[in-house]
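Trainee: Fold the stuff below for me.
(3 chains)
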Amino acid sequence: MRIVAADTGGAVLDDTFQPLGLIATVAVLVEKPYKTASEVMVRFANPYDYDLSGRQAIKDEMELAIELAKKVKPDVIHLDSTLGGIEVRKLDEPTIDALGISDRGKEVWKDLSKELQPLARRFWEETGIEIVAIGKSSVPIRIAEIYSGIYSAIWALKEAQEKGHVLVGLPRYMEVSIEGNKVIGKSLDPREYGLFGVVEFEPPEGLRWEVYPNPLVRRFLIFEVTSKH
Amino acid sequence: MRIVAADTGGAVLDDTFQPLGLIATVAVLVEKPYKTASEVMVRFANPYDYDLSGRQAIKDEMELAIELAKKVKPDVIHLDSTLGGIEVRKLDEPTIDALGISDRGKEVWKDLSKELQPLARRFWEETGIEIVAIGKSSVPIRIAEIYSGIYSAIWALKEAQEKGHVLVGLPRYMEVSIEGNKVIGKSLDPREYGLFGVVEFEPPEGLRWEVYPNPLVRRFLIFEVTSKH
Amino acid sequence: MRIVAADTGGAVLDDTFQPLGLIATVAVLVEKPYKTASEVMVRFANPYDYDLSGRQAIKDEMELAIELAKKVKPDVIHLDSTLGGIEVRKLDEPTIDALGISDRGKEVWKDLSKELQPLARRFWEETGIEIVAIGKSSVPIRIAEIYSGIYSAIWALKEAQEKGHVLVGLPRYMEVSIEGNKVIGKSLDPREYGLFGVVEFEPPEGLRWEVYPNPLVRRFLIFEVTSKH
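Mentor: Next up is the predicted model:
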């Protein structure tokens, strides 16, 4: 099975570790044996001016996933919304009302579906590829999340050259390390069986970085970059 | 403490990774230090004609657990239903109504208890051994689950000789490996502190197998067997 | 950020692994990189005469945290009650009613706050340090929990000299080991990224100990000490 999935992650934190906005939306193509991506596309957001409600993220994810899917022709697209795997093109009001989710979630999806449902339907009519709202159960979405952490670290390395000091909150239980000109992201959950990502990037001179637990949010790490100058 | 527990697991998957039916019910005797089984009994189901509602599984588990308990005389039997450790012989209608479970769960147990409650009462009267509905909290039930994964892999190795290609969904976060004439199952959750199982079995010639994440269900692995011919 | 946190843990178990009472309340100072404590205070309870409702524990934790905070002047105190990080000095009846917790939890906190709210307000007025009810999300609380496991093991080593045999239930997914004159506690969850604690203690002669899974409570270990005499 060839699956395209998208996710958004990595958050700029202020000095009290509060998130200001998200950094990177990533779409990935994942193929057997389903441990990393064989194609990756990234789109950076402006974390200093970000809609933290989650609506912007899911729109960005669907757009980027469709862009990658047009190129690689997967069997299916996974979207990071946990609606039991329902096809997004079928999400009309009565169907949303029948979902086993909170009233708040229903309101959000009724709003979102005005834009996303026609997009999904059109894409399906043109390509036969379904976009399913499978969310947390999907391994490819987790791999997209790991890549969003890698690209957030890369963003922080660039940003710290200007700002001197950057704090990034990585996605849940993943670490980032830098080996030579590779930035490597790894799941810290052994139950996920070795999910990882690698992106080539030469870190700029004159920076140091460290990775440590976010003291306010168990199982989440912080990637901190400081300029030596 | 000497505990007998039973569980059912391992699912035949179709080519889209959808489960068709469960493969193996296993009863185990678990003794201190509670990391593996000292006695094992297995009963294979017909996964191509399987009641996926879960009612068949729990009946099979109770029968097989009693069969093993008659032989090894444990202190208690653990059943894989999460009812807070209540004794199954006490599960009459008013008691079930008073449980803190869903209405759906109550209906299922009212139905199940017609058969299981008298069986548990009779077994207790004869032996003094309680059967308790402890479910997910029990380590021996997890060990039975790991053995059900091992036996599902063994089933797949035999089945692939005929069918040429078999996909099995293993129980949650466990892996299976084959070393010589041993099939080994291990929990992937380090918090479980090294739970494992070993079954002697010589894999047939002419097969290859691989283990990889189920892309549709995070933290579950697939055991795939293919005939080389 | 310099954080003081407190937690209570380690339970004396009877021979059927049922908890009798809790053993140790620990307050810790945690500083960057947030993996262990730089200061520790412990208060032992009488586990054979213990209020298992949890009310005694939280009072002990707040008292001990304040005692440590007076000495080390942290930025904030974390209390092990999961109320979304609200400041304890603000917990009056209308505020408690507005919390998204169970009715039972509201009753307990209305009772507790009579004592704890004035204590927190007075401490804040004197020092400017907030006490926040952040609970399970806090890494320093987890570190305090790990230390409570270490001190429970130390308590068991002393107790076994008199009693001959002691069973202690350790806090969730942590192990205790003894190397020379150090008792070491480690989280078993790799997603927590290496949280640990170390306490100097020379184990008395003539004892042996082992660590193994509690068969009745998955992901919890037992520390058992037996006198060789």
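Trainee: Which secondary structure element is home to the closest residue to A:Ile77 other than its chain neighbours?
Mentor: With C-beta to C-beta, 6 or more residues apart in numbering or on different chains as the criterion, A:Ile77 has its nearest non-adjacent residue at 4.3 Å, and that residue is A:Ile131. C-beta here means a position set from N, CA and C on the backbone, and glycine is covered the same way. For A:Ile131, the host element (DSSP states H and E) is strand A:130-133.
Trainee: Now that strand: average pLDDT?
Mentor: The average pLDDT within strand A:130-133 is 97.
Trainee: now stretch A:153-160
Mentor: On average, stretch A:153-160 scores 98.
Trainee: Now do the contacts for the residue nearest to A:Ile77.
Mentor: A:Ile131 sits next to A:Met62, A:Ala65, A:Ile66, A:Val76, A:Ile77, A:Leu79, A:Glu87, A:Val88, A:Arg89, A:Ala120, A:Phe123, A:Trp124 when contact means C-beta atoms under 8 Å, 6 or more residues apart in numbering or on different chains.
Trainee: top of those by neighbour count?
Mentor: Neighbours here mean other C-beta atoms under 10 Å in any protein chain shown. Within these, the largest count is held by A:Ala65, at 29 neighbours.
Trainee: what would the contacts of A:Ile131 look like in CSV with secondary structure, distance to A:Trp209 and pLDDT?
Mentor: As requested, these are exported to CSV (DSSP: H, G, I helix; E, B strand; the rest coil; distance: C-beta to C-beta, whole Å; pLDDT from 0 to 100):
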residue, secondary structure, distance to A:Trp209, pLDDT
A:Met62, helix, 32, 97
A:Ala65, helix, 30, 98
A:Ile66, helix, 34, 98
A:Val76, strand, 37, 98
A:Ile77, strand, 34, 98
A:Leu79, strand, 32, 96
A:Glu87, strand, 42, 96
A:Val88, helix, 38, 95
A:Arg89, helix, 43, 96
A:Ala120, helix, 39, 97
A:Phe123, helix, 39, 97
A:Trp124, helix, 43, 97
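Trainee: Looking at those residues, which is nearest B:Val26?
Mentor: Ranked by distance to B:Val26 (C-beta to C-beta), these are led by A:Val76 at 34.1 Å.
Trainee: Quick check: the gap between that closest one and A:Asp7.
Mentor: 16 Å (C-beta to C-beta, to the nearest Å).
Trainee: So which residues on chain A come close to chain C?
Mentor: Selection of chain A residues close to chain C by C-beta under 8 Å from any C-beta of the partner chain yields A:16-17, A:172-173, A:175, A:188-190, A:210, A:212-219, A:221.
Trainee: go with 10 Å
Mentor: By the rule C-beta under 10 Å from any C-beta of the partner chain, the part of chain A lying against chain C is A:15-17, A:172-175, A:187-191, A:210-222, A:224.
Trainee: isn't A:Gly169 right next to A:Ser148, touching?
Mentor: No - at 11.5 Å, A:Gly169 does not count as touching A:Ser148 under the criterion of C-beta atoms under 10 Å.
Trainee: what's the overlap in contacts for the two?
Mentor: Shared contacts of A:Gly169 and A:Ser148, defined by C-beta atoms under 10 Å, 6 or more residues apart in numbering or on different chains, comprise A:Gly9, A:Gly10, A:Leu22, A:Ile23.
Trainee: and those near chain B, which?
Mentor: Counting by C-beta under 10 Å from any C-beta, nothing from these sits close to chain B.
Trainee: Just the closest of those residues to B:Glu162, please.
Mentor: Closest approach to B:Glu162 among those (C-beta to C-beta): A:Gly9, at 45.6 Å.
Trainee: okay, now the closest one: neighbour count?
Mentor: By other C-beta under 10 Å, the residues close to A:Gly9 number 26.
Trainee: quick one: buried residues of the host helix or strand of A:Glu224?
Mentor: A:Glu224 is part of strand A:221-227, with elements assigned from DSSP H and E. Buried residues in strand A:221-227, defined by neighbour count with 16 or more other C-beta atoms under 10 Å in any protein chain shown: A:Leu221, A:Ile222, A:Phe223, A:Glu224, A:Val225, A:Thr226.
Trainee: Is there a neighbour count for the residue nearest to the last one when sequence neighbours are not counted? I'd like the number.
Mentor: Read that as A:Thr226. The spatial neighbour of A:Thr226 that comes closest, neighbours along the chain excluded (C-beta to C-beta, 6+ apart), is A:His165 at 5.2 Å. Residues near A:His165, counting by other C-beta under 10 Å, number 12.
Trainee: now swap in A:Arg122 and tell me
Mentor: Look at A:Arg122: counted by other C-beta under 10 Å, it has 12 neighbours.
Trainee: Contacts for the helix or strand where it lies next, please.
Mentor: Element membership of A:Arg122 [criterion: DSSP H and E] is helix A:103-127. Residues from elsewhere that reach helix A:103-127 (C-beta under 10 Å, 6+ apart): A:53-55, A:58-59, A:61-63, A:65-66, A:69-70, A:73-74, A:77, A:79, A:81-83, A:87-93, A:95-99, A:101-102, A:129-133.
Trainee: for chain B, what are the nearby residues on chain A?
Mentor: With C-beta under 10 Å from any C-beta as the criterion, chain A meets chain B at residues A:1-3, A:5, A:30-35, A:75-76, A:78, A:85, A:132, A:134-143, A:189-195.
Trainee: These in strands, which ones?
Mentor: Using DSSP state E, the members of the residues of chain A next to chain B that fall within strands are A:Ile3, A:Ala5, A:Val30, A:Val76, A:His78, A:Val132.
Trainee: Skipping adjacent residues, who's closest to the last one in space?
Mentor: Looking back up the chat, that one is A:Val132. Spatially, and ignoring its direct neighbours in sequence, A:Val132 is nearest to A:Gly85 (5.0 Å; C-beta to C-beta, 6+ apart).
Trainee: ok, now how distant is that neighbour from A:Leu79?
Mentor: When distance is defined by C-beta to C-beta, A:Gly85 is 10 Å away from A:Leu79.
Trainee: hey, what's in contact with both of these two?
Mentor: Residues touching both A:Gly85 and A:Leu79 by C-beta under 10 Å, 6+ apart: A:Val132, A:Ala133, A:Ile134, A:Gly135, A:Ser138.
Trainee: Return the set of buried residues in the strand holding A:Ile131.
Mentor: Of all the residues in strand A:130-133, those buried under the rule 16+ other C-beta under 10 Å are A:Glu130, A:Ile131, A:Val132, A:Ala133.
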